[in-house]
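**Q** Sequence unavailable; structure follows:
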Ligand SMILES: Cc1ncc(COP(=O)(O)O)c(C=O)c1O
(Lines give C-alpha, C1' and ligand atoms only; values in the text may rest on other atoms or scores of the structure.)
Protein backbone atom coordinates (compact mmCIF):
# COMPACT_ATOMS: atom_id res chain seq x y z
CA UNK A 1 0.00 0.00 0.00
CA UNK A 2 1.36 3.42 -0.86
CA UNK A 3 1.92 5.61 2.13
CA UNK A 4 -0.14 8.60 1.10
CA UNK A 5 -3.31 9.93 2.66
CA UNK A 6 -6.85 9.86 1.34
CA UNK A 7 -6.51 12.47 -1.39
CA UNK A 8 -8.05 11.63 -4.75
CA UNK A 9 -4.88 10.22 -6.32
CA UNK A 10 -3.79 11.34 -9.81
CA UNK A 11 -5.79 9.42 -12.39
CA UNK A 12 -4.16 7.19 -15.01
CA UNK A 13 -5.31 9.58 -17.75
CA UNK A 14 -5.35 13.37 -17.34
CA UNK A 15 -8.71 14.97 -16.56
CA UNK A 16 -10.44 11.60 -16.21
CA UNK A 17 -14.24 11.86 -16.09
CA UNK A 18 -16.38 10.96 -13.10
CA UNK A 19 -17.31 7.46 -14.30
CA UNK A 20 -13.67 6.67 -15.09
CA UNK A 21 -12.62 7.79 -11.60
CA UNK A 22 -15.40 5.67 -10.08
CA UNK A 23 -14.42 2.55 -11.97
CA UNK A 24 -10.64 2.93 -11.63
CA UNK A 25 -10.45 4.63 -8.28
CA UNK A 26 -6.90 4.44 -7.02
CA UNK A 27 -6.47 0.91 -8.32
CA UNK A 28 -4.36 1.53 -11.40
CA UNK A 29 -1.97 -0.76 -13.29
CA UNK A 30 0.89 0.07 -10.92
CA UNK A 31 -1.18 -0.70 -7.81
CA UNK A 32 -2.43 -3.94 -9.37
CA UNK A 33 1.17 -5.02 -9.98
CA UNK A 34 1.63 -5.04 -6.17
CA UNK A 35 -1.16 -7.62 -5.97
CA UNK A 36 0.00 -10.23 -8.53
CA UNK A 37 -1.82 -8.27 -11.26
CA UNK A 38 -5.27 -8.96 -9.80
CA UNK A 39 -7.87 -7.18 -11.97
CA UNK A 40 -10.07 -6.39 -8.94
CA UNK A 41 -9.01 -4.80 -5.69
CA UNK A 42 -8.04 -7.47 -3.13
CA UNK A 43 -9.73 -7.46 0.27
CA UNK A 44 -7.02 -7.17 2.90
CA UNK A 45 -8.95 -8.85 5.69
CA UNK A 46 -6.14 -8.71 8.21
CA UNK A 47 -5.82 -6.72 11.39
CA UNK A 48 -2.11 -6.01 11.07
CA UNK A 49 0.88 -6.02 8.77
CA UNK A 50 3.95 -8.11 9.56
CA UNK A 51 7.50 -6.87 9.00
CA UNK A 52 10.67 -8.61 7.83
CA UNK A 53 12.78 -7.05 10.60
CA UNK A 54 12.61 -4.95 13.75
CA UNK A 55 14.16 -2.10 11.80
CA UNK A 56 11.34 -2.14 9.20
CA UNK A 57 8.74 -2.36 11.95
CA UNK A 58 10.12 0.64 13.82
CA UNK A 59 10.37 2.66 10.61
CA UNK A 60 6.72 1.98 9.69
CA UNK A 61 5.43 2.59 13.20
CA UNK A 62 7.41 5.74 13.85
CA UNK A 63 6.45 7.64 10.75
CA UNK A 64 3.35 9.76 11.12
CA UNK A 65 2.05 8.51 7.80
CA UNK A 66 -0.95 6.58 6.63
CA UNK A 67 0.74 3.23 6.07
CA UNK A 68 -0.91 -0.02 7.09
CA UNK A 69 0.87 -1.36 10.26
CA UNK A 70 -2.41 -1.92 12.14
CA UNK A 71 -5.88 -1.74 10.59
CA UNK A 72 -7.21 0.86 13.04
CA UNK A 73 -4.63 3.31 11.67
CA UNK A 74 -4.92 2.29 8.03
CA UNK A 75 -5.63 -0.65 5.75
CA UNK A 76 -4.87 -1.02 2.02
CA UNK A 77 -8.47 -1.84 1.03
CA UNK A 78 -9.88 0.98 3.13
CA UNK A 79 -7.32 3.34 1.60
CA UNK A 80 -8.44 2.45 -1.93
CA UNK A 81 -12.03 3.38 -1.09
CA UNK A 82 -10.84 6.57 0.63
CA UNK A 83 -9.09 7.65 -2.57
CA UNK A 84 -12.13 6.88 -4.70
CA UNK A 85 -14.51 8.77 -2.41
CA UNK A 86 -12.16 11.78 -2.36
CA UNK A 87 -11.84 11.75 -6.15
CA UNK A 88 -15.62 11.62 -6.69
CA UNK A 89 -16.56 14.19 -4.05
CA UNK A 90 -13.75 16.51 -5.12
CA UNK A 91 -14.55 16.15 -8.83
CA UNK A 92 -14.27 19.61 -10.46
CA UNK A 93 -14.16 21.24 -7.01
CA UNK A 94 -11.08 23.24 -7.97
CA UNK A 95 -9.49 22.53 -4.60
CA UNK A 96 -7.41 19.76 -3.01
CA UNK A 97 -9.58 17.35 -1.05
CA UNK A 98 -9.04 14.37 1.30
CA UNK A 99 -11.38 11.75 2.68
CA UNK A 100 -11.40 9.60 5.77
CA UNK A 101 -13.74 6.67 6.34
CA UNK A 102 -15.68 5.56 9.39
CA UNK A 103 -17.72 2.56 10.53
CA UNK A 104 -21.09 4.23 9.80
CA UNK A 105 -22.57 7.51 8.57
CA UNK A 106 -23.26 8.56 12.17
CA UNK A 107 -19.60 7.83 12.91
CA UNK A 108 -18.68 10.27 10.12
CA UNK A 109 -20.97 13.00 11.47
CA UNK A 110 -19.59 12.57 14.99
CA UNK A 111 -15.99 12.49 13.79
CA UNK A 112 -16.41 15.58 11.59
CA UNK A 113 -18.05 17.68 14.30
CA UNK A 114 -16.60 16.63 17.67
CA UNK A 115 -13.06 18.05 17.32
CA UNK A 116 -14.55 21.46 16.44
CA UNK A 117 -16.35 21.55 19.80
CA UNK A 118 -13.18 21.39 21.89
CA UNK A 119 -13.43 23.54 25.02
CA UNK A 120 -9.76 24.41 24.40
CA UNK A 121 -11.19 26.93 21.90
CA UNK A 122 -13.58 28.52 24.43
CA UNK A 123 -15.97 27.08 27.01
CA UNK A 124 -19.34 28.22 25.57
CA UNK A 125 -19.48 26.65 22.10
CA UNK A 126 -22.58 26.82 19.95
CA UNK A 127 -23.56 25.25 16.64
CA UNK A 128 -26.07 26.44 14.04
CA UNK A 129 -27.95 23.69 12.23
CA UNK A 130 -30.95 22.94 10.05
CA UNK A 131 -33.60 20.94 11.93
CA UNK A 132 -34.37 19.15 8.65
CA UNK A 133 -31.97 16.35 9.46
CA UNK A 134 -31.90 12.60 9.89
CA UNK A 135 -33.30 11.66 13.34
CA UNK A 136 -30.04 10.33 14.79
CA UNK A 137 -28.19 13.49 13.73
CA UNK A 138 -30.74 15.53 15.65
CA UNK A 139 -30.17 13.27 18.66
CA UNK A 140 -26.36 13.63 18.48
CA UNK A 141 -26.67 17.41 18.45
CA UNK A 142 -29.44 17.71 21.06
CA UNK A 143 -28.50 14.95 23.51
CA UNK A 144 -24.83 14.08 23.09
CA UNK A 145 -23.69 17.66 22.49
CA UNK A 146 -26.48 19.82 23.98
CA UNK A 147 -27.43 17.90 27.12
CA UNK A 148 -24.22 15.98 27.81
CA UNK A 149 -21.60 18.56 26.78
CA UNK A 150 -23.42 21.85 27.30
CA UNK A 151 -23.14 22.89 23.65
CA UNK A 152 -25.73 25.53 22.69
CA UNK A 153 -27.56 23.96 19.72
CA UNK A 154 -29.22 26.66 17.63
CA UNK A 155 -31.79 25.24 15.21
CA UNK A 156 -32.59 27.48 12.27
CA UNK A 157 -36.33 28.19 11.93
CA UNK A 158 -36.37 28.34 8.12
CA UNK A 159 -33.28 26.69 6.61
CA UNK A 160 -34.10 28.20 3.19
CA UNK A 161 -33.67 31.70 4.66
CA UNK A 162 -30.01 32.78 4.66
CA UNK A 163 -30.91 35.69 7.00
CA UNK A 164 -32.25 33.17 9.52
CA UNK A 165 -28.87 31.37 9.56
CA UNK A 166 -26.95 34.66 9.82
CA UNK A 167 -29.01 35.72 12.84
CA UNK A 168 -27.82 32.70 14.88
CA UNK A 169 -24.06 33.03 14.24
CA UNK A 170 -21.72 34.70 16.73
CA UNK A 171 -18.07 34.53 17.82
CA UNK A 172 -18.60 31.19 19.66
CA UNK A 173 -20.23 29.39 16.71
CA UNK A 174 -18.13 26.34 15.78
CA UNK A 175 -19.81 25.25 12.51
CA UNK A 176 -22.91 25.45 10.30
CA UNK A 177 -24.61 22.13 9.52
CA UNK A 178 -27.23 21.07 6.94
CA UNK A 179 -28.40 18.11 4.89
CA UNK A 180 -28.87 18.53 1.15
CA UNK A 181 -31.32 17.08 0.34
CA UNK A 182 -32.69 16.38 3.81
CA UNK A 183 -34.02 13.07 5.06
CA UNK A 184 -36.98 12.68 4.74
CA UNK A 185 -38.59 15.88 3.39
CA UNK A 186 -35.90 16.33 0.69
CA UNK A 187 -35.34 20.06 1.30
CA UNK A 188 -32.18 21.80 0.13
CA UNK A 189 -30.26 24.80 1.44
CA UNK A 190 -28.47 27.59 -0.41
CA UNK A 191 -24.96 26.09 -0.18
CA UNK A 192 -23.06 28.98 -1.90
CA UNK A 193 -24.76 31.58 0.33
CA UNK A 194 -24.18 29.57 3.54
CA UNK A 195 -20.56 28.96 2.51
CA UNK A 196 -20.08 32.70 2.30
CA UNK A 197 -21.57 33.19 5.78
CA UNK A 198 -19.26 30.48 7.14
CA UNK A 199 -16.22 32.00 5.45
CA UNK A 200 -16.95 35.42 6.95
CA UNK A 201 -17.19 33.81 10.41
CA UNK A 202 -14.00 31.70 9.92
CA UNK A 203 -15.93 28.47 10.58
CA UNK A 204 -16.76 25.52 8.32
CA UNK A 205 -20.03 24.73 6.55
CA UNK A 206 -20.64 20.99 6.92
CA UNK A 207 -23.09 19.35 4.50
CA UNK A 208 -24.49 15.82 4.67
CA UNK A 209 -25.02 15.03 0.99
CA UNK A 210 -25.88 11.33 1.43
CA UNK A 211 -29.18 11.65 -0.46
CA UNK A 212 -27.62 13.34 -3.48
CA UNK A 213 -24.33 11.44 -3.76
CA UNK A 214 -21.50 13.10 -5.73
CA UNK A 215 -23.21 11.91 -8.92
CA UNK A 216 -25.79 14.71 -8.45
CA UNK A 217 -24.41 17.32 -6.03
CA UNK A 218 -20.89 18.08 -4.84
CA UNK A 219 -21.09 20.66 -2.03
CA UNK A 220 -17.31 21.29 -2.04
CA UNK A 221 -17.57 22.58 -5.63
CA UNK A 222 -20.35 24.93 -4.44
CA UNK A 223 -18.18 26.35 -1.63
CA UNK A 224 -18.88 24.06 1.34
CA UNK A 225 -15.90 23.03 3.48
CA UNK A 226 -16.68 19.56 4.78
CA UNK A 227 -19.01 16.89 3.39
CA UNK A 228 -20.24 13.85 5.28
CA UNK A 229 -21.84 10.73 3.84
CA UNK A 230 -23.45 7.56 4.97
CA UNK A 231 -21.89 5.08 2.55
CA UNK A 232 -24.49 2.61 3.83
CA UNK A 233 -26.93 4.21 1.36
CA UNK A 234 -26.51 4.71 -2.41
CA UNK A 235 -22.72 4.28 -2.38
CA UNK A 236 -23.18 0.76 -0.99
CA UNK A 237 -26.43 0.17 -2.85
CA UNK A 238 -26.43 -3.62 -2.72
CA UNK A 239 -27.06 -3.29 1.01
CA UNK A 240 -24.30 -5.45 2.44
CA UNK A 241 -22.21 -3.00 4.46
CA UNK A 242 -22.31 0.06 6.66
CA UNK A 243 -19.83 2.87 6.23
CA UNK A 244 -19.32 6.61 6.48
CA UNK A 245 -17.05 9.27 4.99
CA UNK A 246 -15.77 12.71 5.90
CA UNK A 247 -14.41 14.66 2.93
CA UNK A 248 -12.83 18.08 3.46
CA UNK A 249 -11.18 20.71 1.31
CA UNK A 250 -7.58 21.54 2.18
CA UNK A 251 -6.97 25.01 3.62
CA UNK A 252 -10.16 25.48 5.63
CA UNK A 253 -9.14 28.85 7.01
CA UNK A 254 -10.57 28.19 10.48
CA UNK A 255 -10.19 31.32 12.58
CA UNK A 256 -8.34 30.89 15.91
CA UNK A 257 -7.82 27.11 15.48
CA UNK A 258 -4.54 25.15 15.23
CA UNK A 259 -3.10 25.24 11.70
CA UNK A 260 -3.15 21.41 11.44
CA UNK A 261 -6.97 21.44 11.48
CA UNK A 262 -7.18 23.93 8.62
CA UNK A 263 -4.46 22.38 6.44
CA UNK A 264 -6.00 18.93 5.81
CA UNK A 265 -8.92 18.34 8.17
CA UNK A 266 -9.81 14.83 6.91
CA UNK A 267 -6.15 13.78 7.19
CA UNK A 268 -5.98 15.27 10.69
CA UNK A 269 -9.08 13.27 11.68
CA UNK A 270 -7.60 10.03 10.31
CA UNK A 271 -4.19 10.43 11.95
CA UNK A 272 -5.55 11.73 15.28
CA UNK A 273 -9.15 11.47 16.53
CA UNK A 274 -10.17 8.47 14.39
CA UNK A 275 -7.04 6.46 15.12
CA UNK A 276 -7.31 7.20 18.84
CA UNK A 277 -11.07 6.75 19.25
CA UNK A 278 -11.21 3.85 16.85
CA UNK A 279 -14.55 3.79 14.95
CA UNK A 280 -12.92 2.69 11.67
CA UNK A 281 -14.65 0.93 8.80
CA UNK A 282 -14.05 -2.80 8.42
CA UNK A 283 -11.91 -3.62 5.37
CA UNK A 284 -14.54 -6.14 4.32
CA UNK A 285 -17.20 -3.42 4.29
CA UNK A 286 -14.89 -1.09 2.38
CA UNK A 287 -14.33 -3.86 -0.16
CA UNK A 288 -18.06 -4.40 -0.81
CA UNK A 289 -18.64 -0.64 -1.09
CA UNK A 290 -15.73 -0.38 -3.56
CA UNK A 291 -17.61 -2.82 -5.78
CA UNK A 292 -20.87 -0.84 -5.53
CA UNK A 293 -19.47 2.67 -5.93
CA UNK A 294 -18.09 1.86 -9.38
CA UNK A 295 -21.54 2.19 -10.94
CA UNK A 296 -22.77 5.12 -8.83
CA UNK A 297 -23.54 7.54 -11.67
CA UNK A 298 -25.51 5.13 -13.84
CA UNK A 299 -27.43 3.77 -10.87
CA UNK A 300 -28.33 7.14 -9.35
CA UNK A 301 -29.35 8.38 -12.80
CA UNK A 302 -31.73 5.44 -13.27
CA UNK A 303 -33.10 5.69 -9.71
CA UNK A 304 -33.67 9.45 -10.10
CA UNK A 305 -35.50 9.10 -13.43
CA UNK A 306 -37.81 6.50 -11.91
CA UNK A 307 -38.31 8.60 -8.76
CA UNK A 308 -39.45 11.57 -10.89
CA UNK A 309 -41.87 9.31 -12.77
CA UNK A 310 -43.27 7.91 -9.52
CA UNK A 311 -43.51 11.38 -7.94
CA UNK A 312 -45.45 12.74 -10.94
CA UNK A 313 -47.77 9.74 -10.86
CA UNK A 314 -48.46 10.13 -7.14
CA UNK A 315 -49.04 13.88 -7.52
CA UNK A 316 -51.93 13.12 -9.88
CA UNK A 317 -53.29 10.25 -7.76
CA UNK A 318 -56.70 10.74 -6.15
CA UNK A 319 -55.57 8.75 -3.11
CA UNK A 320 -52.66 11.10 -2.33
CA UNK A 321 -52.83 14.39 -0.41
CA UNK A 322 -49.27 15.65 -0.86
CA UNK A 323 -45.98 14.62 -2.50
CA UNK A 324 -42.52 15.80 -1.45
CA UNK A 325 -39.91 15.60 -4.23
CA UNK A 326 -37.48 18.38 -5.29
CA UNK A 327 -38.13 17.53 -8.95
CA UNK A 328 -41.74 18.70 -8.62
CA UNK A 329 -42.59 22.37 -9.11
CA UNK A 330 -44.79 22.20 -6.02
CA UNK A 331 -41.78 21.44 -3.79
CA UNK A 332 -40.34 24.30 -1.78
CA UNK A 333 -36.73 23.52 -2.76
CA UNK A 334 -37.47 23.03 -6.47
CA UNK A 335 -35.75 26.23 -7.58
CA UNK A 336 -32.53 25.53 -5.65
CA UNK A 337 -32.62 21.89 -6.77
CA UNK A 338 -32.85 23.01 -10.40
CA UNK A 339 -29.87 25.28 -9.82
CA UNK A 340 -27.65 22.78 -7.94
CA UNK A 341 -28.63 19.17 -8.72
CA UNK A 342 -27.19 17.97 -12.04
CA UNK A 343 -26.27 14.54 -13.32
CA UNK A 344 -22.49 14.83 -13.33
CA UNK A 345 -20.97 15.12 -16.84
CA UNK A 346 -24.41 14.94 -18.48
CA UNK A 347 -23.38 17.85 -20.72
CA UNK A 348 -20.86 15.45 -22.30
CA UNK A 349 -23.58 13.03 -23.35
CA UNK A 350 -24.26 14.95 -26.53
CA UNK A 351 -26.80 17.49 -25.32
CA UNK A 352 -27.46 19.94 -22.51
CA UNK A 353 -26.62 19.29 -18.85
CA UNK A 354 -29.53 17.52 -17.17
CA UNK A 355 -31.09 17.94 -13.75
CA UNK A 356 -31.64 14.86 -11.61
CA UNK A 357 -33.36 15.11 -8.24
CA UNK A 358 -32.40 11.90 -6.45
CA UNK A 359 -34.03 8.66 -5.41
CA UNK A 360 -35.95 9.72 -2.29
CA UNK A 361 -39.52 11.01 -2.19
CA UNK A 362 -42.35 11.13 0.31
CA UNK A 363 -46.14 11.22 0.10
CA UNK A 364 -49.14 11.46 2.39
CA UNK A 365 -52.06 9.20 1.43
CA UNK A 366 -55.67 10.31 1.89
CA UNK A 367 -56.98 9.11 5.26
CA UNK A 368 -54.24 10.05 7.73
CA UNK A 369 -51.97 7.90 9.89
CA UNK A 370 -54.15 4.79 9.86
CA UNK A 371 -54.43 4.85 6.06
CA UNK A 372 -50.65 5.31 5.76
CA UNK A 373 -50.08 2.16 7.83
CA UNK A 374 -52.59 0.26 5.69
CA UNK A 375 -50.90 1.39 2.46
CA UNK A 376 -47.58 0.18 3.87
CA UNK A 377 -49.10 -3.21 4.72
CA UNK A 378 -50.45 -3.65 1.18
CA UNK A 379 -47.08 -3.16 -0.55
CA UNK A 380 -46.01 -6.35 -2.36
CA UNK A 381 -42.95 -5.36 -4.38
CA UNK A 382 -41.59 -2.41 -2.41
CA UNK A 383 -39.92 -3.57 0.81
CA UNK A 384 -40.96 -2.30 4.25
CA UNK A 385 -37.47 -1.39 5.48
CA UNK A 386 -35.63 1.47 7.14
CA UNK A 387 -32.69 1.79 4.77
CA UNK A 388 -32.57 3.97 1.66
CA UNK A 389 -30.50 4.33 -1.51
CA UNK A 390 -30.58 0.57 -2.13
CA UNK A 391 -31.05 -1.16 -5.48
CA UNK A 392 -34.33 -2.51 -4.05
CA UNK A 393 -37.06 0.04 -3.44
CA UNK A 394 -37.96 0.48 0.22
CA UNK A 395 -40.69 2.28 2.17
CA UNK A 396 -41.14 3.40 5.75
CA UNK A 397 -43.12 5.89 7.82
CA UNK A 398 -40.30 8.09 9.22
CA UNK A 399 -42.49 9.68 11.92
CA UNK A 400 -43.01 6.20 13.42
CA UNK A 401 -39.54 4.78 12.75
CA UNK A 402 -36.36 6.56 11.64
CA UNK A 403 -37.38 9.98 13.02
CA UNK A 404 -39.54 8.86 15.97
CA UNK A 405 -36.93 9.46 18.66
CA UNK A 406 -36.35 13.02 17.43
CA UNK A 407 -40.09 13.69 16.98
CA UNK A 408 -40.82 12.40 20.51
CA UNK A 409 -38.03 14.56 21.97
CA UNK A 410 -39.39 17.74 20.38
CA UNK A 411 -42.72 17.29 18.55
CA UNK A 412 -42.92 21.01 17.72
CA UNK A 413 -39.67 21.15 15.82
CA UNK A 414 -40.03 17.94 13.82
CA UNK A 415 -40.85 18.71 10.20
CA UNK A 416 -42.03 15.11 9.66
CA UNK A 417 -45.82 14.62 9.28
CA UNK A 418 -46.88 11.39 11.07
CA UNK A 419 -48.84 10.13 8.04
CA UNK A 420 -45.97 10.59 5.57
CA UNK A 421 -44.59 7.55 3.73
CA UNK A 422 -40.98 7.71 2.58
CA UNK A 423 -40.08 5.89 -0.62
CA UNK A 424 -36.54 5.14 -1.65
CA UNK A 425 -36.62 4.21 -5.30
CA UNK A 426 -34.36 1.40 -6.52
CA UNK A 427 -33.67 0.08 -9.99
CA UNK A 428 -36.82 -1.98 -10.57
CA UNK A 429 -38.85 -1.13 -13.66
CA UNK A 430 -40.84 2.09 -13.01
CA UNK A 431 -44.11 0.56 -14.27
CA UNK A 432 -43.88 -2.25 -11.72
CA UNK A 433 -43.32 0.23 -8.90
CA UNK A 434 -46.27 2.35 -10.03
CA UNK A 435 -48.49 -0.78 -10.21
CA UNK A 436 -47.47 -1.77 -6.68
CA UNK A 437 -48.22 1.71 -5.35
CA UNK A 438 -51.57 1.83 -7.18
CA UNK A 439 -52.76 -1.44 -5.66
CA UNK A 440 -51.50 -0.33 -2.21
CA UNK A 441 -53.38 2.97 -2.54
CA UNK A 442 -56.66 1.28 -3.50
CA UNK A 443 -59.63 2.65 -1.61
CA UNK A 444 -61.73 0.06 0.16
C1 LIG B 1 -28.91 11.67 5.56
C2 LIG B 1 -28.33 10.64 6.47
N3 LIG B 1 -27.17 10.86 7.10
C4 LIG B 1 -26.63 9.96 7.94
C5 LIG B 1 -27.25 8.76 8.19
C6 LIG B 1 -26.62 7.78 9.14
O7 LIG B 1 -26.00 6.76 8.43
P8 LIG B 1 -25.61 5.34 9.09
O9 LIG B 1 -26.90 4.62 9.31
O10 LIG B 1 -24.71 4.73 8.08
O11 LIG B 1 -24.94 5.61 10.37
C12 LIG B 1 -28.47 8.47 7.57
C13 LIG B 1 -29.16 7.19 7.83
O14 LIG B 1 -30.27 6.96 7.38
C15 LIG B 1 -29.03 9.42 6.67
O16 LIG B 1 -30.18 9.21 6.05
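**A** Looks like it came in fine. Everything numeric in this text was worked out from a predicted model, so none of it was measured.
**Q** interface residues of this structure facing the ligand?
**A** 104-106, 134, 136, 179, 183, 208, 210-211, 230, 232, 242, 244 (CB under 6 Å from any ligand atom). All C-beta spots, glycine's among them, are computed from the backbone N, C-alpha and C.
**Q** So which of those sit within strands?
**A** The members of those that map onto strands under DSSP state E are 179, 208, 230, 244.
**Q** nearest residue to the last one other than its sequence neighbours?
**A** Meaning residue 244. Sequence neighbours aside, residue 108 is the residue nearest to residue 244 in space, at 3.1 Å (criterion: CB to CB, 6 or more residues apart in numbering).
**Q** and if you look at residue 119?
**A** residue 125 (7.2 Å).
**Q** now the strands for the stretch 151-300 of the chain?
**A** Using DSSP state E, counting those that start in this stretch, the strands of the stretch 151-300 of the chain run over 152-155, 173-179, 205-208, 226-230, 244-249.
**Q** Which one of these lies nearest to residue 60?
**A** Closest of those to residue 60 is strand 244-249, at 24.8 Å (criterion: CB to CB).
**Q** now the residue in the stretch 1-150 of the chain that the ligand sits nearest to, nearest residue through space, not along the chain?
**A** Using CB to the nearest ligand atom, residue 105 is the residue of the stretch 1-150 of the chain that sits closest to the ligand, at 2.4 Å. Of all residues beyond its chain neighbours, the one nearest residue 105 is residue 230 (2.5 Å), with distances taken as CB to CB, 6+ apart.
**Q** Verify the stated contact: the one you found with residue 102.
**A** No. Applying CB atoms under 8 Å, one finds residue 230 not in contact with residue 102, separated by 9.6 Å.
**Q** avg pLDDT for the helix ranked longest in the chain?
**A** If you go by DSSP state H, the chain has its longest helix at helix 296-316. For helix 296-316, mean pLDDT is 98.
**Q** Stretch 393-413 too?
**A** Mean predicted confidence for stretch 393-413 is 85.
**Q** How far does that stretch stretch from one end to the other?
**A** 29 Å (CA to CA, to the nearest Å).
**Q** Show me the strands in the stretch 301-444 of the chain, by range?
**A** Under DSSP E, counting those that start in this stretch, the stretch 301-444 of the chain gives strands at 320-324, 360-365, 383-384, 394-396, 421-424.
**Q** Can you tell me which helices and strands the third one packs against?
**A** The one in question is strand 383-384. Other helices and strands packing on strand 383-384, by 3 or more CB pairs under 8 Å, 6 or more residues apart in numbering; DSSP states H and E, are strand 394-396.
**Q** who does the strand it packs on touch, helix- and strand-wise?
**A** Packing partners of strand 394-396 (3+ CB pairs under 8 Å, 6+ apart): strand 383-384, strand 421-424.
**Q** what pairs with that strand, and is each one parallel or antiparallel?
**A** Note on strand 394-396: by DSSP bridges, its sheet partners are strand 383-384 (parallel), strand 421-424 (antiparallel).
**Q** What lies in contact with the shortest one?
**A** With contact meaning CB atoms under 8 Å, 6 or more residues apart in numbering, strand 383-384 is reached by 376, 392-396.
**Q** In the residues you listed, which residue is surrounded by the most others?
**A** Ranked by neighbour count (other CB atoms under 10 Å), these have residue 393 at the top, with 26 neighbours.
**Q** just checking, that one touches residue 430?
**A** No. With contact defined as CB under 8 Å, residue 393 does not reach residue 430; the gap is 10.2 Å.
**Q** Give me the buried positions along the lowest-mean-pLDDT helix or strand in the chain.
**A** Lowest by mean pLDDT, DSSP states H and E among the helices and strands of the chain is helix 404-409, with a mean of 79. Of the residues in helix 404-409, 404, 406-407 count as buried by neighbour count, 16 or more other CB atoms under 10 Å.
**Q** What of stretch 424-439?
**A** For stretch 424-439, the neighbour count (16+ other CB under 10 Å) marks 424-428, 430, 433-434, 436-437 as buried.
**Q** got a list of what the closest residue to the ligand within the stretch 251-400 of the chain touches?
**A** Per CB to the nearest ligand atom, residue 388 is where the stretch 251-400 of the chain lies closest to the ligand, at 6.2 Å. Contacts for residue 388 (CB under 8 Å, 6+ apart) come out as 183, 211, 233-234, 359-360, 394, 422, 424.
**Q** let's see it at 10 Å
**A** Listed by CB atoms under 10 Å, 6 or more residues apart in numbering, the contact set of residue 388 reads 134, 183-184, 210-211, 230, 232-234, 359-360, 394-396, 402, 422-426.
**Q** any idea how far residue 394 is from it?
**A** 6 Å (CB to CB, to the nearest Å).
**Q** again, but for residue 227
**A** 24 Å.
**Q** go on, residue 190?
**A** Note on residue 190: its distance to residue 394, by CB to CB, is 30 Å.
**Q** What count of nearby residues applies to residue 358?
**A** Here the count is done by other CB under 10 Å, and residue 358 has 27 residues near it.
**Q** OK, contacts around it?
**A** By CB under 10 Å, 6+ apart, the contact list for residue 358 reads 181, 186, 211-213, 215-217, 234, 300, 303-304, 307-308, 325-327, 337, 341, 389, 424-425.
**Q** rerun at 7 Å
**A** 181, 186, 211-212, 216, 304, 307 (CB atoms under 7 Å, 6 or more residues apart in numbering).
**Q** Rebuild those residues as TSV, extending it with neighbour count.
**A** Formatted as TSV, the contacts of residue 358 follow (neighbours: other CB atoms under 10 Å):
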residue	neighbour count
181	30
186	29
211	28
212	31
216	26
304	25
307	28
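**Q** My guess is residue 38 contacts residue 32. True?
**A** Yes. The pair formed by residue 38 and residue 32 meets the contact definition of CB atoms under 7 Å, at 6.1 Å.
**Q** neighbour count winner among these two?
**A** Ranked by neighbour count (other CB under 10 Å), residue 38 and residue 32 place residue 32 first, with 15 against 12.
**Q** The more buried one and residue 26: what is the separation?
**A** Where residue 26 is concerned, residue 32 sits at a distance of 11 Å (CB to CB).
**Q** repeat for residue 88
**A** 12 Å.
**Q** which residues touch the residue nearest to residue 244?
**A** Residue 108 sits next to 102, 228-229, 244-246 when contact means CB under 7 Å, 6+ apart.
**Q** switch the cut-off to 10 Å
**A** 99-102, 208, 210, 226-231, 243-247, 269, 274, 279, 281.
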